[in-house]
Structures are given as C-alpha cells and as structure tokens.
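K.L.:
Provide a 3D model corresponding to the input given below.
(one chain, ligands or ions: 1)
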Amino acid sequence: MKINITKTQSPKEKPQGSLGFGRSFTDHMFIMNYTEGQGWHDARIVPYGNMEFSPASSVLHYGQETFEGMKAYRSNGKYYLFRPEENAKRSNYSNARTCIPEFPEEDYVQAVKTLVKLDADWIPEGKDSSLYIRPFFIANDPFVGVAISKTYLFIIILCPAGAYFGSLNPVGIRVEDEYVRAVRGGTGRAKTGGNYAASMAALARAQEEGCAQAMWLDGIERKYIEEVGTMNIFFKIDGKIVTPALNESILSGITRDSIITLCKDFGLTVEERPITIDELVDAAGRGTLQEAFGTGTAVVISPVNKLRYKNKDIIIGTGETGETSRKLYETLTAIQRGEAEDKFGWCVEI
Ligand SMILES: *Cc1c(COP(=O)(O)O)cnc(C)c1O
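P.N.:
Residues are numbered from 1 along each chain as shown. Got it, this is the predicted structure:
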C-alpha cells in the first residue's frame with residue numbers, strides 16, 4: 001500500500017509531567033477513504049487536526065463505526081507493537097458485524113507502523129507509559145436516511161498515555177443488575193461505539209456509588225458475569241483463575257487471551273466457563289474469593305478490590321492488590337517493554 005506523507009510544519013509541544021490518558025495527540029494522523037466501486041484508496045498521513053464532516057454524515061446519526069485500541073512501547077532505542085495482527089483481525093470481525101467494508105490486515109498493520117514510526121518521539125519513556133493507538137472506521141455518507149453507507153473513512157490517531165486508573169491501584173466495580181450492555185444476537189462482540197452508548201447510564205450509576213466502572217450481567221437471566229466497562233474480568237477463586245467463557249455478547253480481549261496464556265505458563269489452573277454473581281457472593285462469604293482484576297489494552301491489569309451489588313459491598317481478598325494480579329501485570333508489561341523474554345512472539349518491532 002502506498003501512503004502519501006505530508007509532514008506538519010509546526011510540531012507541537014510534548015506534554016510534560018503526568019500524562020493521563022487520551023487527551024493529547026501526536027503531530028500526525030492516518031486517513032484513508034472508501035468509496036463504493038473504488039474500494040479503499042488515498043492512504044495518507046497528514047498533520048493531526050480537526051476534520052470537516054457534513055452534519056448529515058451517517059456515523060453521526062446511526063453510529064455505524066468500529067474502533068480498536070492498541071499500544072506502542074519504547075525499549076532500548078527500539079519501538080514495538082503488541083500483537084497488532086490481532087487488532088487487525090478483530091477489526092474485520094467488528095466491521096463485518098456492522099456492514100463496514102473489510103480492510104486488508106497487512107495494510108492495517110502497515111498503516112499503524114508507518115504512523116507510529118513517524119511520531120516515534122511521542123512514545124513516552126518510563127514504566128507504565130506507552131503510546132496509545134486508536135484506529136477507527138466511520139460511515140460517512142451525507143445522507144440522513146437509514147442505509148448502509150457507501151463511503152467510509154479509516155483514521156488512526158495516537159496519544160501518549162500514562163497509567164489509566166493509576167497503575168495497579170485497586171478500584172471498586174458496581175454490579176449492574178438492571179441495564180444490560182449486549183444481548184444474544186447483538187453487537188457485544190464487535191468493538192463498536194454503540195455498545196458504549198448503551199453503557200453510559202450504568203457507568204453514571206457506578207460513579208454515583210463511588211465505583212470506577214460497571215460489571216455487566218448477561219442480558220437474559222441477569223445472573224452470569226459478562227465483563228466490565230472497558231475490560232474483560234478475571235477472578236481468583238480458591239487458587240484457580242476463572243473468567244467468563246466468550247460468547248457473542250462479550251468482547252474477545254487480546255489482553256484477556258494473553259493473560260490466559262501467561263496464567264497457564266505460571267502453572268495456574270484457568271477455567272473459562274459461565275460464572276454467576278451468586279457464585280462470587282458465596283465464594284466471598286466462604287473467604288475463597290481471593291482476587292479480581294480487569295484486563296484491557298489501556299489498563300493492562302486493573303485490580304478490583306470491591307464489588308458493589310444491591311447496595312452492599314463485597315470485599316475481595318484483603319482489599320489490596322493481589323499477588324497474582326501484580327505478577328501478571330509485571331510480567332506482561334515487562335514483555336511489552338522488551339525487558340522479559342517474549343516467548344510467545346507477541347512483540348512486533350516497528
Ligand atoms: C476493547 C475492550 C476490551 C479489552 O480488549 P483488549 O483487546 O484487551 O484491549 C474489553 N471489553 C470491551 C467492551 C472492550 O471494548
């Protein structure tokens with residue numbers, strides 16, 4: 001794929017001090033168009049900046065869009081991506097579910113690599129820091145009727161990022177037992193903005209009760225754990241690692257998959273199976289609910305020290321970050337930063 005590059009004439013100041021997440025962006029962005037009959041065309045990198053859209057643009061009304069989240073790391077003067085082909089593959093799964101044209105996976109990785117390389121001095125130094133990469137697809141027909149769009153944009157933006165919730169600080173999660181995120185036959189397994197639109201009211205309730213995110217139960221029986229806000233969820237119960245088995249209403253996290261691999265490598269028993277909220281309440285009562293943690297690209301591992309369910313707090317383990325959560329975080333971030341052996345071949349040099 002040929003990518004036309006227009007470099008910025010006025011490079012921005014890099015943010016100083018604590019980086020936070022998702023508010024500052026690098027100097028460039030990648031854009032490519034899709035037009036029916038012509039396919040994907042005009043791959044280009046241009047200075048980062050605001051874009052013009054018709055107010056009728058279909059994504060603004062009906063949310064036909066998908067996105068990804070991935071990270072680039074700096075290590076010994078080299079730059080790495082973590083399992084980028086998995087994001088390219090998942091992106092096509094999400095696109096297929098939302099009728100967005102397929103995008104060639106090698107071109108996807110090439111686009112990410114080319115943009116990150118150009119803005120590589122934005123990859124922050126330091127533990128817990130990385131460059132967050134947000135590729136996304138949007139439907140862009142200037143048409144207010146409900147239809148499958150004939151024109152799309154594929155865009156990639158980059159932001160330097162520190163720790164998401166503050167590295168390894170345990171958070172409280174509210175179990176949402178009224179609203180649901182996704183249903184059987186719905187779009188829960190696709191990474192599409194509509195799932196997040198559906199989640200905001202539960203997030204607001206969680207925050208009102210002092211929690212960081214909402215934990216979703218299944219849409220039919222409201223009893224099986226699905227996932228948490230932006231993360232997949234794991235529990236350590238009586239020495240075993242348990243996580244909900246994937247189904248079409250759970251996002252198939254790349255961090256989830258990597259954590260399962262690492263747990264098995266540590267010699268831990270991992271069970272992917274249905275988990276009910278009652279099982280967790282019981283385990284907590286018996287003192288066997290030892291740890292809970294969310295997994296996702298942005299957070300890596302986010303320890304959970306409290307589940308708030310029906311106005312009661314279920315305290316997990318000692319209420320502090322658990323040993324397995326910490327070991328998984330240290331191991332995965334060391335692999336990502338090139339400080340530990342990459343025995344699963346996850347890191348891709350740019
Ligand atoms: C992106 C996402 C995750 C985590 O996926 P990773 O590939 O690990 O980043 C989990 N749940 C939801 C709803 C997500 O959107």
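
K.L.:
please save the CA atoms from stretch 76-92 in CSV.
P.N.:
C-alpha atoms of stretch 76-92 as CSV (Å, rounded to 0.1, in the frame of the first residue of the first chain):
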residue,chain,number,x,y,z
ASN,A,76,16.4,0.2,24.2
GLY,A,77,16.0,2.7,21.4
LYS,A,78,13.6,0.4,19.5
TYR,A,79,9.8,0.5,19.1
TYR,A,80,7.4,-2.3,19.5
LEU,A,81,3.7,-3.0,18.9
PHE,A,82,1.9,-5.7,20.9
ARG,A,83,0.1,-8.4,18.8
PRO,A,84,-1.1,-5.8,16.1
GLU,A,85,-2.3,-8.6,13.7
GLU,A,86,-4.9,-9.5,16.4
ASN,A,87,-6.3,-6.0,16.3
ALA,A,88,-6.4,-6.0,12.5
LYS,A,89,-8.3,-9.4,12.6
ARG,A,90,-10.7,-8.2,15.3
SER,A,91,-11.3,-5.0,13.4
ASN,A,92,-12.5,-7.0,10.4
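
K.L.:
please report how far the closest residue to L19 other than its chain neighbours lies from A72.
P.N.:
Leaving aside its chain neighbours, L19 sits nearest to G162 (3.5 Å; criterion: Cβ to Cβ, 6 or more residues apart in numbering). For the C-beta atoms, the positions are set from N, CA and C on the backbone; glycine is no exception. In this view, G162 and A72 are 14 Å apart by Cβ to Cβ, to the nearest Å.

K.L.:
for T295, same thing?
P.N.:
To A72, T295 is 19 Å away according to Cβ to Cβ.

K.L.:
rewinding a little: of G162 and A72, who's got more company?
P.N.:
Neighbour comparison, G162 and A72: the larger count goes to A72, with 27 against 18 (by other Cβ atoms under 10 Å).

K.L.:
how many other residues sit next to G185?
P.N.:
G185 sits with 9 neighbouring residues when counted by other Cβ under 10 Å.

K.L.:
quick one: it and E248 touch, right?
P.N.:
Yes - in this structure G185 lies within contact range of E248 using Cβ atoms under 8 Å: 7.1 Å.

K.L.:
what's around K71, how many residues?
P.N.:
Neighbour count of K71, defined by other Cβ under 10 Å: 21.

K.L.:
ignore what I typed, I meant G37.
P.N.:
The number of residues packed near G37 is 5, by other Cβ under 10 Å.

K.L.:
again, but for E323
P.N.:
For E323, the neighbour count with other Cβ under 10 Å is 12.

K.L.:
next one, pLDDT for it please.
P.N.:
E323 carries a pLDDT score of 95 in this model.

K.L.:
which residues touch it?
P.N.:
E323 sits next to E291 when contact means Cβ atoms under 8 Å, 6 or more residues apart in numbering.

K.L.:
state the distance from it to the ligand.
P.N.:
Applying Cβ to the nearest ligand atom, to the nearest Å, the value for E323 to the ligand is 22 Å.

K.L.:
next one: L268
P.N.:
Using Cβ to the nearest ligand atom, L268 is found at 19 Å from the ligand.
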